[in-house]
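Trainee: quick check, what structure comes out for this input:
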Amino acid sequence: MIIVSFVKLVIQFYYDKSFCMLRLNHFKLSLLLGFVAQSVFGQDPSYSQFFASPLNVNPALTAQINGKWRVVSNYRNQWSGPADPYITCAVSYDTKILKNKIPESSVFGFGVMLMHDDAMSSVLKSNYASLNLSYNIKIAEGEGDHRLGIGVGLTYTSKYVDFSRLNFANQFDGHGFDTNLPTGESALTEMTPYLSVNAGLLYSYVAQYTDFDLGAAAYHVNKPKQTWLQDPNQYLATRYVVHAAYDNYLSDVLVLNTNGIYQIQAHADYFSVGGGLGYILSEEGQDNLILNGGVWYWSKNAIVPYVGLVYKNMQFGLSYDITISKLAAAANKPKSFELSFIIRGDFKPTGLIYCPSPWK
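Mentor: Numbering: from 1, shown residues only. Here you go, the predicted structure:
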């Protein structure tokens, strides 16, 4: 039905001059159609600062914290300039629980995350609510601790189309669009929420001046059913993630951090890899003050410079995507940036790694 409506719009565009003043809404509709086609593969939102969004990377990273609890917030503004941007924002909270009920060297974690995504000039809106549990144990020790963790999670997702931002052929009365008329697009109004199952594994090595993580996760393991365009055979593809991070002190005041991620979902995959340096500005015994800087490569998409600051138990991050895809040739180049903020409660650093702390 949507395709038929789009064809009607194109025909009416050529035969009615009044459509010239309404081309923007039609363009939004055509973009939405393209997005709907892509949504068959159900791509999840992603961040350039993946290292500052641990619960979106692996449930096993829940409560892997230099402290007792952590609050993380993320904001991404993507492709502003030639069109209205995609906006993705999230906030998460995770903490260590049942400390007196489990072995002293083990960590039982609990976490929640809320995320909102606006696409196509806020036409398509998506809301996500996640609940995670993790358990991490020491498996060996020497100069440092070798640890193994598992994590599981549930994500509730709801999506809807804001019809107030669109006009459809059925609403055209010969002189203009009457938004009080029905759209005729019931396929977009009958999108039911769905529940996803997520799981992950994490290996860690933690020493006084070194920290290493290697993990793998799968999101939407149950492949929940979607309702786009009333297709009974649409199921959300599983998103597979592999990630790693390595941190090490180069001197008393300089810390090296490198990390990377690879993920694939349906026919779309990407990897991001990079590193940064942290310069410790504070003297021994003073409040933590570290200046971070680095650069990451997002495959076939962008070079991502990053600057950040750690003060006491708070961590700030800012990144900007320098587009290297085909969009870079556009006269009005798209602009994308991200902000992140992390605060840790009862801050007790393990290994004193801050630059920029990818998960902890």
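
Trainee: partners of the closest residue to L98 other than its chain neighbours in the sheet?
Mentor: The shortest distance from L98 to any non-neighbouring residue, by CB to CB, 6 or more residues apart in numbering, is to F108 (4.8 Å). (Each C-beta comes from the backbone N, C-alpha and C, glycine too.) Residues in a beta bridge with F108, per DSSP bridges, are I97, Y135.

Trainee: burial measure for F108, as a count.
Mentor: Using other CB atoms under 10 Å, F108 has 18 neighbouring residues.

Trainee: that one: what's it in contact with?
Mentor: By CB atoms under 8 Å, 6 or more residues apart in numbering, the contact set of F108 is 63, 96-99, 101-102, 133-135.

Trainee: one more: T62?
Mentor: 54-55, 94, 109-111, 132-134, 151, 153.

Trainee: and it, what are its phi and psi?
Mentor: Dihedral pair for T62: phi -60, psi 130, per degrees, to the nearest 10.

Trainee: any idea how far E283 is from the closest residue to S106 other than its chain neighbours?
Mentor: Nearest residue to S106, sequence neighbours excluded (CB to CB, 6+ apart): I137, at 4.9 Å. Going from I137 to E283 by CB to CB, to the nearest Å gives 37 Å.

Trainee: neighbour count winner among those two?
Mentor: I137 (14 against 9).

Trainee: which SSE is the more buried one in?
Mentor: If you go by DSSP states H and E, I137 is part of strand 124-141.

Trainee: dump the residue contacts of the nearest residue to K159 once chain neighbours are set aside.
Mentor: The shortest distance from K159 to any non-neighbouring residue, by CB to CB, 6+ apart, is to S126 (4.7 Å). Taking CB under 8 Å, 6+ apart, we find S126 in contact with 45, 116-117, 119, 157-159.

Trainee: okay, Y156: pLDDT?
Mentor: Y156 is assigned 97 on the pLDDT scale.

Trainee: give me the beta-bridge partners of the closest residue in space to it that isn't next to it in sequence?
Mentor: Closest residue to Y156 apart from its sequence neighbours, by CB to CB, 6+ apart: A129 at 4.7 Å. Beta-bridge partners for A129, by DSSP bridges, are L114, Y156.

Trainee: my guess is A129 contacts G111, does it?
Mentor: No. Counting by CB atoms under 8 Å, A129 does not reach G111; the two are 11.9 Å apart.

Trainee: tell me which of those two has more neighbours.
Mentor: G111 (26 against 15).

Trainee: that one looks like it's in a helix, true?
Mentor: No. Read with DSSP: H, G, I helix; E, B strand; the rest coil, G111 is strand and lies in no helix.

Trainee: residue contacts, it?
Mentor: Contacts of G111 (CB under 8 Å, 6+ apart): 55, 59, 62-63, 92-95, 130-134.

Trainee: how many other residues sit next to D287?
Mentor: By other CB under 10 Å, the residues close to D287 number 9.

Trainee: would you say it is within a helix?
Mentor: No. Looking at D287 with three-state DSSP, it is coil, so not inside a helix.

Trainee: any buried residues in the strand holding I137, and which?
Mentor: By 16 or more other CB atoms under 10 Å, the buried positions in strand 124-141 come out as 124-126, 128, 130-136, 138.

Trainee: biggest separation within those residues, which pair?
Mentor: The span of the buried residues of strand 124-141, defined through CB to CB, is set by L124 and K138 at 45.1 Å.

Trainee: thinking again about what came up before, can you put the buried residues of strand 124-141 in a markdown table and add pLDDT and distance to A268?
Mentor: As requested, those are arranged in a markdown table below (pLDDT from 0 to 100; distance: CB to CB, whole Å):
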| residue | pLDDT | distance to A268 |
| --- | --- | --- |
| L124 | 80 | 17 |
| K125 | 85 | 21 |
| S126 | 90 | 17 |
| Y128 | 96 | 18 |
| S130 | 98 | 21 |
| L131 | 98 | 26 |
| N132 | 98 | 24 |
| L133 | 98 | 29 |
| S134 | 98 | 27 |
| Y135 | 98 | 31 |
| N136 | 97 | 31 |
| K138 | 94 | 37 |
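
Trainee: with respect to K335, which of the residues you listed is nearest?
Mentor: For the buried residues of strand 124-141, the nearest to K335 is L124 (20.7 Å; CB to CB).

Trainee: and the helix or strand harbouring Y205, what does it pack onto?
Mentor: Secondary structure from DSSP H and E places Y205 in strand 194-206. With contacts taken as 3 or more CB pairs under 8 Å, 6 or more residues apart in numbering; DSSP states H and E, strand 194-206 sits against strand 124-141, strand 145-161, strand 210-219.

Trainee: for these, which one sits closest to M191?
Mentor: Closest of the helices and strands packed on strand 194-206 to M191 is strand 145-161, at 5.2 Å (criterion: CB to CB).

Trainee: output the contacting helices and strands for the closest one.
Mentor: strand 124-141, strand 194-206.

Trainee: low-confidence bits of the stretch 151-300 of the chain, can you list those?
Mentor: Scanning the stretch 151-300 of the chain for pLDDT under 70 picks out 162-190, 227-233, 285.

Trainee: all set, thanks.
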